[in-house]
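Q: sequence first, then the predicted structure, then my questions.
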Amino acid sequence: MEIREVTCKTALSLSALPGLTYSLNPYRGCQHNCTYCYVPNILRIKREAWGSFVQPKVNIPFILARELKKKTPGVVGISTVTDPYQPTERKYKLTRFCLEQLLRHDFPICIQTRSALVTRDIDLISKFSHAEVMFSIGTLDDNERRRLEPYPSSIRERLAAMKQCSDAGISTSVFFGPIYPSVTVDELPVIINAFIDHGAREITLDKFNVKPGLLTPLEHAFANHKTLLNDPLFFLSILEKTKEICEEKKIKAVSAF
């Protein structure tokens, strides 16, 4: 893993994602190395290089502090193209330092992560007037998870971290995606109940977005379910059943596809 410190000229970028005003990415590159990651296509990075490097933006807390004095308050998405709590955050603490600056101005925040490391910053996150922590989980089967997500926290660790955040009074949700094609409709009650039991009060669903260069590795990972990767009826059935369950449980379920 190549870790090379860099500097940045801007911290906050306008976001086109629903519910977000700005995006904040303290790192370029990601150690989690998820097979299905769409970011290399967006940043025009060779897929074979993705997961092999991280560039901590070492001056981003200072740039952010300067920008927050001038920016109109809005929801800050942390982070939209790399996980803000990937392993190198333990050393650099750039996400934490950015949270300190955001808290000074009490900007609303939405953190999305696959890492239990987020619990380290509960002391800060819980002080925001409006804060949400969203945990990305595409399956409850950790053996399957390892095939495509080799380095993030385990599913059990993510669920435990969500419960810890929820118990601290932080709004928590699940990004149920990309939904693994091995998930069945019959399993959904168990999956959704696990999310709810660990504090989720909203569930956002997403399917696999098979970008160029992804089809072959995904078909290899899901040899027994590869026909479902691009099957809209499969994902529609998952969406409809999830919404049905969530309606019964009185929590919100929304689609990102």
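A: Thanks, I have it.
Q: A194 touches M162, doesn't it?
A: No. Contact criterion Cβ atoms under 8 Å: A194 and M162 do not qualify, at 10.0 Å. Heads up, the C-betas are built off the backbone N, CA and C, glycines and all.
Q: okay, the two: which has more neighbours?
A: Neighbour totals were compared for A194 and M162, and M162 leads with 27 against 17 (other Cβ atoms under 10 Å).
Q: show me what the helix or strand containing the more buried one is packed up against.
A: Element membership of M162, judged by DSSP states H and E, is helix 155-167. On a contact count with 3 or more Cβ pairs under 8 Å, 6 or more residues apart in numbering; DSSP states H and E, helix 155-167 meets helix 122-125, strand 131-136, helix 142-148, strand 171-176, helix 188-197.
Q: output the helix or strand bottoming out on mean pLDDT in the chain as CSV, nothing but the C-alphas.
A: Least confident element among the helices and strands of the chain, by mean pLDDT, DSSP states H and E: helix 39-43 (a mean of 82). What follows is helix 39-43, C-alpha atoms only, in CSV (Å, rounded to 0.1, in the frame of the first residue of the first chain):
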residue,chain,number,x,y,z
VAL,A,39,-14.9,5.6,-8.1
PRO,A,40,-12.1,4.6,-10.5
ASN,A,41,-14.5,5.2,-13.4
ILE,A,42,-15.4,8.6,-12.0
LEU,A,43,-11.9,9.8,-11.2
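Q: what's in contact with that helix?
A: By Cβ atoms under 8 Å, 6 or more residues apart in numbering, the list of residues contacting helix 39-43 from outside reads 28, 30, 45-47, 49-50, 81-82, 211-213.
Q: most neighbours, which of those?
A: C30 (26 neighbours).
Q: and the residue lying closest to it once chain neighbours are set aside, what does it touch?
A: The shortest distance from C30 to any non-neighbouring residue, by Cβ to Cβ, 6 or more residues apart in numbering, is to T82 (4.3 Å). By Cβ under 8 Å, 6+ apart, the contact list for T82 reads 25-30, 39, 54.
Q: out of these, who's nearest E247?
A: Of all the contacts of T82, E247 sits closest to V39, with 33.2 Å by Cβ to Cβ.
Q: count the neighbours of the closest one for me.
A: 18.
Q: then P18?
A: Counted with other Cβ under 10 Å, P18 comes out at 8.
Q: so who does it touch?
A: So P18 contacts nothing (Cβ under 8 Å, 6+ apart).
Q: run through who's touching stretch 226-242.
A: Residues from elsewhere that reach stretch 226-242, judged by Cβ under 8 Å, 6+ apart: 176, 179, 181, 183, 185, 188, 192, 203, 205, 207-208, 210, 215, 218-219, 222, 253, 255, 257.
Q: ok, now with 10 Å
A: By Cβ atoms under 10 Å, 6 or more residues apart in numbering, the residues outside stretch 226-242 that reach it are 36, 176-189, 191-192, 195, 203, 205-208, 210, 214-215, 218-222, 225, 253-257.
Q: and it, how far out from the chain's middle?
A: Between the centre of stretch 226-242 and the centre of its host chain there is 21 Å, according to Cα atoms, centre = their mean, to the nearest Å.
Q: mind listing what's buried in that stretch?
A: Neighbour counts over stretch 226-242 (16 or more other Cβ atoms under 10 Å) mark 228-229, 234-235, 238-239, 241-242 as buried.
Q: no further queries at this time; thank you.
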